[in-house]
Every structure is written in structure tokens, then in C-alpha cells.
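Q: okay, here's the prediction I keep looking at, along with the sequence it came from:
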Amino acid sequence: MPDQDGLVTLKAPETLKNRIAGVELDIPWVTILSYIVESAGSKASGASGFAIYAMTQGWFMVRLCFCRARTQSVLVCIPTQSVGTRLTRLRANGQNKNGRNKNQDPAMRTRKTVNTMNDGKTVSDPKLLEKYEKQAQMLANRVKKRFKHLRKRFAKQNIEVFRLYDWDIPEIRAVVDWYAGHLVVGEYTRKQSAPEWLPIMGNAVGRAMEVPEENVHLKERFYGKPGEERYSRLDYTDRTIVVSERDLKFHVNPWDYVDTGLFSDHRNTRLMVREAARDKDFLNLFCYTASFTCYAAKGGARSSVSVDRSETAIGWARRNFELNRIPEGTNRLVHAHAFDFLEKARKGNSRFDLAVVDPPSFYTRRIDSDRFDIVRDHPALLEAVVDVMRPGATVYFSTNHQDFAPNMEGLKVSGIQEITSRTIPEDYESKRKKIHRCWEIVV
């Protein structure tokens with residue numbers, strides 16, 4: 001609570017004391033707080049005190065107080081990256097632990113800080129803030145209830161990753177996933193989204209679930225368009241946690257990317273692949289972290305080839321192999337573009353009995369003018385896949401594109417069946433949308 005002068009006494013939380021925005025710090029907490037307030041720029045003018053309203057991944061939320069009118073305050077949202085960048089710059093310039101350079105005039109230092117750190121955004125409308133807080137409480141209650149409903153049945157199956165909420169309430173455009181003691185809270189972002197909305201939701205859900213702040217991860221999600229880079233890397237911690245899915249384990253990284261390394265909406269499909277894999281030569285195209293391959297190997301596949309254009313994904317897949325004791329001798333990891341690999345496999349007479357094809361909706365193949373669009377290009381992709389499959393082979397084709405229209409009539413195959421309802425787990429069932437669609441194609 002503010003004292004008689006409107007000031008607030010703050011205690012540094014250990015989780016943020018030494019690390020902000022991925023930057024290791026040896027700077028006193030009081031100095032860090034001063035930068036947080038200075039980041040608000042002119043918004044901090046006249047403020048005599050401040051209180052941390054919420055601290056979640058990616059954001060500080062600071063309520064500035066004014067001593068002449070204690071009932072008035074303003075909520076300032078400041079990206080932690082701006083604070084971390086400022087502190088990194090101070091250290092690079094040889095400034096001391098208090099953020100001071102002995103050769104620099106204090107007045108100039110203050111002006112520079114305010115001018116370069118004016119990233120703050122405010123919620124000055126009490127009614128709007130009250131609305132967000134009510135939504136946060138509704139979301140927290142829904143998530144807690146859903147977790148209680150799902151936890152025991154998934155624990156019996158040794159499943160540690162599952163969905164708790166996906167835009168179930170129309171005005172709360174959020175998605176919440178459980179990762180073995182971590183929460184990933186996302187927002188389906190749109191143009192009118194307020195930057196403070198997601199931190200408020202994440203803070204409420206974390207408290208309701210009694211999850212430490214450092215284990216609550218905030219993500220913005222939005223629908224991509226052809227040629228757009230949807231998600232950039234969020235951080236460079238390279239940290240992972242190990243989660244279980246039945247008798248397998250996987251590395252996931254909720255810190256650095258929007259996608260964590262395991263798509264749990266396909267856990268049923270992975271089980272189908274395992275059951276079909278015995279004595280088969282398996283192809284995992286667009287393999288990502290190779291969770292499908294791990295299931296196929298455990299199901300007795302004779303061999304497997306996992307292909308991805310991302311070197312990071314291939315390295316991640318290799319760590320998943322090691323975690324599940326899958327030998328690379330008969331389970332190859334190939335860093336290549338999908339179409340290049342398929343052409344080489346066709347010419348080299350490589351053939352497969354079972355395949356999973358789960359491409360991204362859009363991506364750039366080699367140059368900016370050469371873009372893959374799942375709606376337009378899936379017929380050519382599937383034709384190339386069929387060319388490397390043996391007669392009687394099975395291909396599981398999936399996409400999460402919400403406006404996907406299949407065009408597979410021209411494929412030279414013996415059967416095509418949509419199996420979406422069999423592949424979506426109960427925690428992903430939704431009246432609003434299908435998390436993915438999936439087809440079984442028999443060559």
C-alpha cells in the first residue's frame with residue numbers, strides 16, 4: 001500500500017532479480033525499477049510512487065501513483081525487452097552497477113533514458129481495466145475447472161501436455177495449454193488487441209493454477225497470410241523441459257518459440273502411426289521435432305527417414321531420439337527441403353510403406369517469390385509423395401489451415417478417407433473450429 005507520500009515499498013521477486021528479457025543482470029533491483037518507470041516516458045511525469053501490478057513473460061505492468069490524488073493512477077505496460085536492451089547497453093558502455101557513467105552528466109543521462117525508452121502503453125480507462133480483470137477471472141475459473149476434469153484421466157495415460165481452454169468464451173480470445181507444471185497462455189491477436197490484455201489473463205490463470213510466474217509463458221497467435229512471417233523467435237534461452245506422452249518423452253521449449261516442439265493435438269494420430277508401423281519403412285515429411293518418428297520407431301518400424309528444412313528442428317529431433325533411445329542407424333534425419341528430398345528419393349528409387357505429411361500452411365521455399373501455400377500446392381505435394389510410396393502404402397496427410405479446401409481427386413491412389421474425428425483428442429474438441437483436419441490415403 002502507498003505510504004502518506006503516495007510511495008510504494010517494493011520487494012524484488014527472486015525470479016526477476018537477476019534475469020530480465022533473457023539478459024543476466026548484476027544491477028540492483030531499485031535501479032531496474034527506475035528504468036521500468038522511465039520506460040513510461042511522459043506517462044511517469046508527476047508520479048510519486050509505483051507498484052508492480054503484474055509481472056509475466058514479456059511484460060512489466062506498473063501502476064503509477066500520484067500523491068495529490070491517491071485515487072488516481074495509470075497502468076503502464078512496458079516490454080521487458082526494452083528494459084533488458086537498455087541495461088545491456090549500459091553494461092556494454094562500461095557503466096557501473098547503478099547504471100551510471102562517471103564521465104556522463106546526470107541530466108543528460110536522464111534525458112537519454114526517457115527518450116530511448118518511451119515504449120510504455122497505458123490503460124487509463126478504469127472501466128476497461130475492470131472489464132479485463134473480470135475476463136481474467138472468468139478465464140481463470142474455466143481453466144481451473146477444466147484442469148480438474150482432465151488431470152486424472154490423462155495422468156493414468158501418462159500424458160503431461162494437454163489443452164485447457166481454446167476461445168471457449170467468445171469475448172475471451174485466449175488459448176491455454178498445460179505442459180507438466182508450465183502454462184502457455186496465448187491470445188488470438190487482432191488489430192484492436194490491447195497489449196496489456198494478455199499479461200492480465202496470464203497473471204490470473206497462473207495464480208488460479210498456483211503456477212510460479214516464471215512458469216507462465218505468454219504467446220501471441222495470429223492467422224498468417226501467404227508471404228508473411230507469422231512468428232519470430234521470442235528468446236534465446238535454449239532451455240527445454242522434458243514432458244511425457246504415454247511411454248515416450250519429448251523436449252519442449254516454452255520460452256523461445258510460439259510453438260513449443262510438440263503438437264499435442266496429434267497425439268491420437270501418433271498412436272495410429274505406431275499401430276501401423278511394424279516392419280514398415282516410414283517417411284516423416286516436415287518432421288519438425290520428429291515425434292511421429294519416435295512413435296513409429298517404438299511401433300517396430302523397419303526404418304525411418306525424417307525430413308525438415310530447419311536445421312534447428314533436425315537438432316531437436318536428434319535430442320528426442322536420444323531421449324527415447326532410438327538409434328540413428330536405421331532412423332535417418334535429413335536436413336532438406338521437402339520437394340528436393342522427394343525428387344531425389346524418386347530418382348534414387350527410395351520407397352516407403354507409411355508416411356506422415358503435415359506441412360505448414362505457408363512457407364518460403366528458396367526465394368521470396370517461391371512460396372508454398374497449402375491450399376494451392378497440396379495436390380503437387382501429395383503427387384510427389386505418392387511417387388515414392390509402394391503399392392498398398394498409407395499416407396496420413398494433415399493440415400491446420402482453417403480455410404482448407406481439399407483437391408485430391410487427381411491423385412492416382414486406391415482410396416482417400418477423411419479421418420479427422422478419429423484424430424482429434426477430447427481436450428481439442430471444439431464447436432468453434434477443428435484444430436486440424438486429417439486424411440488417410442491408400443496408394
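A: Nice, thanks for sending it over.

Q: just the strands in the stretch 201-350 of the chain please.
A: For the stretch 201-350 of the chain, strands defined by DSSP state E, counting those that start in this stretch occupy the ranges 216-221, 241-245, 248-252, 281-285, 303-308, 331-335.

Q: for residue 140, which of those is the nearest?
A: strand 216-221 (11.6 Å; Cβ to Cβ). C-betas here are computed from N, CA, C, even on glycine.

Q: which neighbouring elements make contact with that closest one?
A: Under the contact criterion of 3 or more Cβ pairs under 8 Å, 6 or more residues apart in numbering; DSSP states H and E, strand 216-221 touches strand 182-188, helix 197-208.

Q: so for residue 356, which of these sits nearest?
A: strand 182-188 (23.9 Å).

Q: avg pLDDT for the closest one?
A: The pLDDT scores in strand 182-188 average 96.

Q: which residues touch it?
A: Strand 182-188 is contacted from outside by 167, 173-177, 193, 197-198, 201-202, 205-206, 209, 211, 215-222, 241, 254, 258, 260, using Cβ atoms under 8 Å, 6 or more residues apart in numbering.

Q: mind redoing it with 7 Å?
A: With contact meaning Cβ atoms under 7 Å, 6 or more residues apart in numbering, strand 182-188 is reached by 167, 173-177, 193, 197-198, 201-202, 205-206, 209, 211, 215-222, 241, 254, 260.

Q: list the buried residues in the top strand by length along the chain.
A: Longest strand of the chain, by residue count under DSSP state E: strand 389-399. By neighbour count with 16 or more other Cβ atoms under 10 Å, strand 389-399 contains the buried residues 389, 393-399.

Q: what's the first helix or strand after that strand?
A: strand 415-418 (DSSP states H and E).

Q: got the confidence number for residue 46?
A: Residue 46 carries a pLDDT value of 54.

Q: quick revisit: any idea which of the strands of the stretch 201-350 of the chain scores lowest on pLDDT?
A: strand 216-221 (a mean of 92).

Q: between strand 182-188 and that strand, find me the angle.
A: Note on geometry: by axes from the mean of the first three to the mean of the last three Cα atoms, to 10 degrees, strand 216-221 and strand 182-188 are set 30 degrees apart in direction.

Q: who touches strand 216-221?
A: By Cβ under 7 Å, 6+ apart, the list of residues contacting strand 216-221 reads 56-58, 175, 182-189, 198-199, 202, 206, 254-255, 258.

Q: next, count neighbours for residue 264.
A: 25 (other Cβ atoms under 10 Å).

Q: quick check: buried residues in stretch 239-250?
A: 240-241, 243, 245, 248, 250.

Q: for stretch 422-430, buried residues please.
A: So for stretch 422-430, counting by 16+ other Cβ under 10 Å, buried means 423-425, 427-428.

Q: among the residues you listed, which lie within helices?
A: Using DSSP state H, residue 423 are the members of the buried residues of stretch 422-430 that sit in helices.

Q: might one say that residue 253 is in contact with residue 236?
A: No. With contact defined as Cβ atoms under 7 Å, residue 253 does not reach residue 236; the gap is 10.7 Å.

Q: more crowded one of those two?
A: residue 253 (21 against 9).

Q: ok, that one to residue 417 distance?
A: Applying Cβ to Cβ, to the nearest Å, the value for residue 253 to residue 417 is 35 Å.

Q: surely residue 260 touches residue 253?
A: Yes. Counting by Cβ under 7 Å, residue 260 does reach residue 253; the two are 5.9 Å apart.

Q: quick one, helices of this structure?
A: Along the chain, the stretches classed as helices by DSSP H are 14-17, 29-38, 80-92, 106-116, 126-156, 197-208, 267-276, 291-298, 311-323, 338-347, 374-386, 420-423.

Q: how about these, which one is nearest residue 331?
A: Set against residue 331 and scored by Cβ to Cβ, the helices of the chain come closest in helix 291-298, at 5.7 Å.

Q: convert the C-alpha atoms of that closest one to CSV, please.
A: The C-alpha atoms that make up helix 291-298 are tabulated as CSV, following Å, rounded to 0.1, in the frame of the first residue of the first chain:
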residue,chain,number,x,y,z
SER,A,291,7.5,-37.0,-32.5
PHE,A,292,5.8,-39.1,-35.2
THR,A,293,9.0,-40.9,-35.9
CYS,A,294,9.6,-41.7,-32.3
TYR,A,295,6.1,-43.4,-32.2
ALA,A,296,6.8,-45.2,-35.5
ALA,A,297,10.2,-46.5,-34.2
LYS,A,298,8.6,-47.7,-30.9
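
Q: what average pLDDT does that helix get?
A: The average of the pLDDT scores along helix 291-298 is 98.

Q: buried only: go through the contacts of strand 182-188 for me.
A: Among the contacts of strand 182-188, those classed as buried by neighbour count (16+ other Cβ under 10 Å) are 167, 173-177, 197-198, 201-202, 205-206, 209, 211, 215-219, 221-222, 241, 254, 260.

Q: endpoint to endpoint, stretch 149-169 covers what distance?
A: 18 Å (Cα to Cα, to the nearest Å).

Q: buried residues in it?
A: Neighbour counts over stretch 149-169 (16+ other Cβ under 10 Å) mark 150, 154, 159-168 as buried.

Q: now for those residues, which pair is the farthest apart?
A: 160 and 167 (23.1 Å).

Q: any idea how far residue 219 is from the nearest residue to residue 290 once chain neighbours are set aside?
A: Here the nearest residue to residue 290 in space, its sequence neighbours aside, is residue 317; by Cβ to Cβ, 6 or more residues apart in numbering that works out to 3.4 Å. In this view, residue 317 and residue 219 are 22 Å apart by Cβ to Cβ.

Q: cool, residue 210 as well?
A: 21 Å.

Q: how about residue 396?
A: Residue 396 is 27 Å from residue 219, where distance means Cβ to Cβ.

Q: same check, this time on residue 179
A: Distance of residue 179 to residue 219, given as Cβ to Cβ: 12 Å.

Q: now do residue 246
A: 26 Å.

Q: and what of residue 280?
A: In terms of Cβ to Cβ, residue 280 sits 36 Å off from residue 219.

Q: where does this protein have low pLDDT?
A: 1-124, 223-232, 365-369 (pLDDT under 70).

Q: which ones among the buried residues of stretch 149-169 are found in strands?
A: Using DSSP E, those in strands are 161-166.

Q: could you single out the nearest of those to residue 305?
A: Nearest member of those to residue 305, counting by Cβ to Cβ, is residue 161, at 25.8 Å.

Q: who's that closest one bridged to?
A: The partner list for residue 161 in beta bridges (DSSP bridges) reads residue 179.

Q: kindly report the same for residue 357.
A: residue 285, residue 397.

Q: tell me the contacts of it?
A: Listed by Cβ under 7 Å, 6+ apart, the contact set of residue 357 reads 285-286, 385, 395, 397.
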